[in-house]
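S.K.: From the sequence below, what's the structure:
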Amino acid sequence: MTVSTSRPRILVSNDDGYFSEGLQTLVEAVSPLGEVWVVAPDREQSAASHAISLHRPLRIKEVRERWFSVDGTPTDCSYLAVNHLLKDNRPQLMVSGINHGANLADDIMYSGTVAAAMEAAFLGIPAIAFSLVTRGPFDFGPAGRFARALVTEALTRPLPPRMLLNVNIPGGVEPDGYVITRQGRHSYGSNVVEKEDPRGRTWWWIGAAGPEMDAGPGTDFHAVRFGHISITPIHVDLTRYQALEQVAGWVGGLAASMEAKS
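M.R.: Next comes the predicted model:
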């Protein structure tokens, strides 16, 4: 019997750009575990969410061996990596980050870091997004060490299909273990700053997120507040299965109402 000696292929991306310290730390952390390929944006793409470039061409630049920058979004990077650069030998795992800042609660809807991992999960690649919960200074050492341990486990026991892990590591402290969490919630929507530029034109700046609204035990907020690493499983199927019967009942009279109006 022939035993394969090939190393697992690991795709790395982020939303802070191919040059970021967090990405470099993640690459160094997982390099002993497999053949690492980096495909990351050529500039910061924070809060790009799951945007994909359908109306313009994209350019890929080889920075060095197995390391590429893309003039597009984090989602573009994952898509091009899996469907073009690595299409003949798809990666066994995709990791995104380490983000320069938190991706907790509703922030995951806006996060380019999470979106890069989610796109890989869409395409059938197990994926993990890593973020460092701090506004600075950024000490990525503990996050890198945990990333290596978690990736080692993920390569041994792959994640379920179309699911990813959103991992937030508290900054400024040595983490006190990890907790499996659910997504918390904070408010958005009303904080808009309106100003006037030197030429008399008005501009608007969307403000920061509002206060925490669901941050109790079991949430990602609660875990990092008490010095724990938060690991939140996320799946890409957005169907709210608990509401199927409720919505069916709610729209049950719709057909009769439409017939009556016709």
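S.K.: Figure out the helix or strand that the residue most central in space within the chain lives in.
M.R.: Central residue of the chain (C-alpha atoms, centre = their mean): residue 114, 1.0 Å from the mean position. Following DSSP states H and E, one finds residue 114 within helix 112-122.
S.K.: Just confirm residue 90 contacts residue 125, I think it does.
M.R.: Yes - contact status for residue 90 versus residue 125: in contact at 6.6 Å, counting by C-beta atoms under 8 Å. Just so you know, the C-beta spots here come from the backbone N, C-alpha and C atoms, and that holds for glycine as well.
S.K.: joint contacts of those two?
M.R.: Residues touching both residue 90 and residue 125 (C-beta atoms under 8 Å, 6 or more residues apart in numbering): residue 82.
S.K.: the more surrounded of those two?
M.R.: Just comparing residue 90 and residue 125: by other C-beta atoms under 10 Å the higher neighbour count belongs to residue 125, 24 against 16.
S.K.: Give the closest residue to that one in space, chain neighbours not counted.
M.R.: With C-beta to C-beta, 6 or more residues apart in numbering as the criterion, residue 125 has its nearest non-adjacent residue at 4.8 Å, and that residue is residue 94.
S.K.: Name the helix or strand for residue 233, please.
M.R.: strand 229-235.
S.K.: what's that strand packed up against?
M.R.: strand 163-170, strand 178-180, helix 220-225 (3 or more C-beta pairs under 8 Å, 6 or more residues apart in numbering; DSSP states H and E).
S.K.: Could you rerun that using 10 Å?
M.R.: With contacts taken as 3 or more C-beta pairs under 10 Å, 6 or more residues apart in numbering; DSSP states H and E, strand 229-235 sits against helix 112-122, strand 127-133, helix 141-156, strand 163-170, strand 178-180, helix 220-225.
S.K.: returning to that earlier point: pretty sure the residue nearest to the centre of the chain is touching residue 74, no?
M.R.: Yes - taking C-beta atoms under 10 Å as the definition, residue 114 is a contact partner of residue 74 at 8.7 Å.
S.K.: anything in contact with each of these two?
M.R.: Residues touching both residue 114 and residue 74 (C-beta atoms under 10 Å, 6 or more residues apart in numbering) are 15, 49, 50, 96, 129.
S.K.: follow-up on the earlier one: which of the three states applies to the residue nearest to residue 125?
M.R.: strand (DSSP: H, G, I helix; E, B strand; the rest coil).
S.K.: quick one: contacts for it?
M.R.: 9-13, 37, 39, 78, 81-82, 86, 116-121, 123, 125-129, 164.
S.K.: what residue ranges in the stretch 101-250 of the chain score low on pLDDT?
M.R.: Counting by pLDDT under 70, the stretch 101-250 of the chain shows low-confidence ranges at 187-190, 207-215.
S.K.: Try it again at 80.
M.R.: 186-191, 205-215 (pLDDT under 80).
S.K.: how much space between residue 220 and residue 102?
M.R.: With distances taken as C-beta to C-beta, to the nearest Å, residue 220 is found 9 Å from residue 102.
S.K.: shared neighbours, these two?
M.R.: In contact with both residue 220 and residue 102: 133, 168, 230, using C-beta under 10 Å, 6+ apart.
S.K.: burial measure for the second one, as a count.
M.R.: In terms of burial, residue 168 registers 30 neighbours under the definition other C-beta under 10 Å.
S.K.: Pull the contacting residues for it.
M.R.: Applying C-beta under 10 Å, 6+ apart, the residues near residue 168 are 97, 99, 101-105, 107-108, 129-133, 143, 181, 220-221, 223-224, 228-232.
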